[in-house]
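Enquirer: sequence and predicted structure are below.
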Amino acid sequence: MKSLKIINWITKHGGADYKGLDINLFIPGTQIYLDDVCYVQTEEIDIPENSEIEVITGAEYASILENLPVPEQPEDMNSRMAANEDALALLLFEVAALKGGIA
């Protein structure tokens, strides 16, 4: 297994250019995209000669993975559902009161 850094992988039309690498040999789930840099681990043995592909150590790859910014976690789904149910119950109560169904 090799760890790679690929720069300028985004084409001017927004497509992906993996510089001749066989993406079928990429290890699933190892791709890291940071702006116009892609880090990936591959089973490919013969890496194409390209100044935009750099073989990096496993330790370098692990460091990049470790230092990724952590995305903000979405609100807990159960909390959101409970809040929506409370809002709906209040709304139904208010509609019933307006129609005179609640004294």
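Expert: Good, I have the coordinates. None of the values given here were measured: they were computed from a predicted structure. Residues are numbered from 1 along each chain as shown.
Enquirer: so where do the helices sit in this structure?
Expert: 58-66, 77-98 (DSSP state H).
Enquirer: can you list the low-confidence ranges for the chain?
Expert: For the chain, the stretches flagged by pLDDT under 70 are 73-75, 101-103.
Enquirer: could you chop it up by domain?
Expert: 2-66, 72-103 (automatic domain parsing).
Enquirer: from the ones you listed, which stretch is densest packed?
Expert: Highest mean neighbour count among the domains of the chain (mean count of other Cβ atoms under 10 Å): domain 2-66, with a mean of 14. For the C-beta atoms, the positions are set from N, CA and C on the backbone; glycine is no exception.
Enquirer: now that domain: how far from the chain's centre is it?
Expert: Its chain's C-alpha centre and that of domain 2-66 lie 16 Å apart, by Cα atoms, centre = their mean, to the nearest Å.
Enquirer: before we move on, the earlier item: can you redo the helices of the chain as a markdown table with distance to Val40?
Expert: Output for these, formatted as a markdown table (distance: least, Cβ to Cβ, whole Å):
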| stretch | distance to Val40 |
| --- | --- |
| helix 58-66 | 9 |
| helix 77-98 | 32 |
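Enquirer: of all these, which one is nearest Tyr39?
Expert: helix 58-66 (5.5 Å; Cβ to Cβ).
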